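Colleague: I would like the atomic coordinates for the input below:
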Amino acid sequence: MQVDTSFMLDLTNIKGVIFDLDGTLVESSLDFAKMRAEIGCPPNEDILTFIDNIACPDEKAKAQDIVLQQEMDDAYNAKMLPIGEVMLKQVAQAKLPVGLVTRNCKQATEIKLSNNHISMDVVLTREDAPAKPDPTALLQIAEMWSIAPENLIYVGDYIYDQQAADNAGMRCQLV
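Modeller: Residues are numbered from 1 along each chain as shown. Next up, the predicted model:
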């Protein structure tokens, strides 16, 4: 796969960069249609929201286990995307703090980062804050870094990333 190495993040007036993980920095082979089918989630409903709304504790735990198993299987196979490598180098050269906000679980996130030698100043997963498009995790990082949200950029690949950045008052760049 050939990557456009001329791709550049627009870091004008930016004091920190926060990345999404899957599809932004690393590849993902998660099959969301299969996941939805296995837990009984309708095609047009968010999987994590669906699971949160399951009333029966046993059914909820079973659905969480299905998602966790698929995330873990995906984690061991995830490889760095060439564009992810380009962006991380650009941020390092700019000497900006770098963070990660993902809807993944903490365990799968740690595996993906470790296996791909990706270092972050701060990592927040769905165990740390409500899942995107909720802006809480992005705003927590802004507060940790004492940087106004408008001086941060969130880099992602999906509509939830754009929505989370908009909800936090941050710039967003989709890849």
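
Colleague: spatially central residue for this structure, please.
Modeller: Thr102 (2.6 Å; Cα atoms, centre = their mean).

Colleague: please name the residues that touch it.
Modeller: Applying Cβ atoms under 8 Å, 6 or more residues apart in numbering, we find Thr102 in contact with Asp20, Leu21, Asp22, Thr109, Val123, Leu124, Thr125, Arg126. Glycine gets a C-beta too; all of them are placed from N, C-alpha and C.

Colleague: which of the residues you listed sit farthest apart?
Modeller: Asp22 and Leu124 (14.5 Å; Cβ to Cβ).

Colleague: can you list the domains in this structure?
Modeller: Domain assignment of the chain by automatic domain parsing yields the ranges 16-27+79-174, 32-77.

Colleague: deepest-packed of those domains, please.
Modeller: Among those, domain 16-27+79-174 has the highest mean neighbour count (mean count of other Cβ atoms under 10 Å), at a mean of 19.

Colleague: helices - which of the contacts of Thr102 land there?
Modeller: The helices, defined by DSSP state H, take in Thr109 from the contacts of Thr102.

Colleague: out of the domains of the chain, flag the one nearest Asp10.
Modeller: Proximity to Asp10, assessed across the domains of the chain by Cβ to Cβ, is greatest for domain 16-27+79-174 (6.6 Å).

Colleague: return the distance of the closest one from the chain's centre.
Modeller: Centroid separation between domain 16-27+79-174 and its chain, computed with Cα atoms, centre = their mean, to the nearest Å, is 6 Å.
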